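> give me a model of this one.
(chains A, B, C and D)
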Protein chains: 2
Amino acid sequence: MSRVESILKNSSLSVTASRKRILDIFLSANNALAHQDIEIKCADEYDRVTIYRTLQTFLEKGIIHNIPTTDNAVRYALCNDACISSGHHHDNHVHFLCDACGKTLCLDEVMIPTVKLPAGYAMKEINMVVSGTCKTCKK
Amino acid sequence: MSRVESILKNSSLSVTASRKRILDIFLSANNALAHQDIEIKCADEYDRVTIYRTLQTFLEKGIIHNIPTTDNAVRYALCNDACISSGHHHDNHVHFLCDACGKTLCLDEVMIPTVKLPAGYAMKEINMVVSGTCKTCKK
DNA sequence: AGTATTTTGCAACAAAGTTGCATTCTTAAT
DNA sequence: ATTAAGAATGCAACTTTGTTGCAAAATACT
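Have a look, this model is predicted:
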């Protein structure tokens, strides 16, 4: 059983060609992808609607997580193994957005520091996005 | 001269009815607003296109700043006085998104902690969005 | 007040996202 | 292996969101 198949089965999703393909795209990408990035890669194979629905499903199952952006183009990234296996999804690493190449990267090794909220606020999730120049572009 | 007028003049923008109205909406809102929120309030007074262009102008002048979201609905919030007066805009406070009322709030008093990036990365901006329950909804 | 410049509204368009439904594919049980 | 039930897909139509060019109107400056 391939890697994509086991990811799908572990999330109790039926194994279909489009899901395998989209998951493959994520696995071979080294950065976060927007809906459009995926559409460009497989619009001739699968319908736009299928891509929307697949991303939605993956999100719900915690296979991918989404990264807030400032440009109305939410990006999605594969959750790492810890992420996927833990029942409740918890995404606690910093995301990096490179101004030069435009890529969004998960900095898995950089944990988000906690902050103290004012009295009366209850924290559930915390997101941190850093922008600048990435390792590759800086060279 | 009204407050909105002086904000506009300080940013060397001409004072027009639509700009005054939209700025007023921000001043009387106690939370961040999406384009849609503004459109709902004044679509019968001003054209959709004008609202887009006004928000764009305000952003460029640093009158408002935008807050990344996870739902393809970028929100905008008024910059506080320090923000506006300083030539180079620097938005260094945490944003809070309430799951209950859906409002996005600026926690002006909560500074974003810095993080150490891996070697080779250069930081330019940093954004932090915390979600949970706000003071009002928690009661 | 008059003119140059900026802003606005309109129209047309492009892109992004959603919904219902018929068809096809998966799964699981015989 | 076959088949029936349920799930996923593709298509079409539609809604919402965002963009662009241009003429008309408003603003700012002298």
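> quick check, the helix ranked longest in chain A touching DNA strand D?
Longest among the helix segments of chain A by residue count, using DSSP state H, is helix A:48-61. Yes. Contact of helix A:48-61 with DNA strand D (C-beta under 7 Å from any atom of the strand) involves A:49-50, A:53-54, A:57. In short, each C-beta sits where N, CA and C put it, glycine included.
> how much space separates A:Glu24 from DNA strand C?
To be clear, residue A:24 is Asp; Glu isn't right here. Look at A:Asp24 and DNA strand C: by C-beta to the nearest atom of the strand, to the nearest Å, they are 14 Å apart.
> now A:Asn72
7 Å.
> which residues touch that residue?
With contact taken as C-beta atoms under 8 Å, 6 or more residues apart in numbering or on different chains, A:Asn72 is in contact with B:72-74.
> quick check: mean pLDDT across stretch A:71-78?
Stretch A:71-78 shows a mean pLDDT of 91.
> what's the residue lying closest to A:Ala119 once chain neighbours are set aside in contact with, if anything?
Among residues not flanking A:Ala119 along the chain, B:Lys135 sits closest, at 7.6 Å (C-beta to C-beta, 6 or more residues apart in numbering or on different chains). By C-beta under 8 Å, 6+ apart, the residues touching B:Lys135 are A:118-121.
> can you pull out the low-pLDDT segments for chain A?
Chain A contains residues with pLDDT under 70 at A:81-90.
> where's the residue sitting furthest away from the middle of it relative to A:Ile126, distance?
Distance from the C-alpha centroid of chain A peaks at A:Ala119, with 32.0 Å (C-alpha atoms, centre = their mean). From A:Ala119 across to A:Ile126, the span is 18 Å (C-beta to C-beta, to the nearest Å).
> hey, C-alpha coordinates of stretch A:58-77 in PDB?
Output in PDB follows, covering the C-alpha atoms of stretch A:58-77 (Å, rounded to 0.1, in the frame of the first residue of the first chain):
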ATOM      1  CA  PHE A  58      -8.400  17.100   3.800                       C
ATOM      2  CA  LEU A  59      -8.700  20.100   6.100                       C
ATOM      3  CA  GLU A  60     -11.500  18.500   8.100                       C
ATOM      4  CA  LYS A  61      -9.600  15.300   8.500                       C
ATOM      5  CA  GLY A  62      -6.500  17.200   9.600                       C
ATOM      6  CA  ILE A  63      -4.400  15.900   6.700                       C
ATOM      7  CA  ILE A  64      -3.500  19.500   5.800                       C
ATOM      8  CA  HIS A  65      -3.700  22.700   7.700                       C
ATOM      9  CA  ASN A  66      -4.200  26.200   6.400                       C
ATOM     10  CA  ILE A  67      -2.000  29.200   6.800                       C
ATOM     11  CA  PRO A  68      -3.500  32.600   7.100                       C
ATOM     12  CA  THR A  69      -2.500  35.200   4.600                       C
ATOM     13  CA  THR A  70      -2.900  38.800   3.900                       C
ATOM     14  CA  ASP A  71      -3.800  38.500   0.200                       C
ATOM     15  CA  ASN A  72      -7.000  36.400   0.100                       C
ATOM     16  CA  ALA A  73      -5.200  33.400  -1.000                       C
ATOM     17  CA  VAL A  74      -5.200  30.900   1.800                       C
ATOM     18  CA  ARG A  75      -2.400  28.400   1.600                       C
ATOM     19  CA  TYR A  76      -2.500  24.800   2.700                       C
ATOM     20  CA  ALA A  77       0.400  22.600   3.900                       C
END
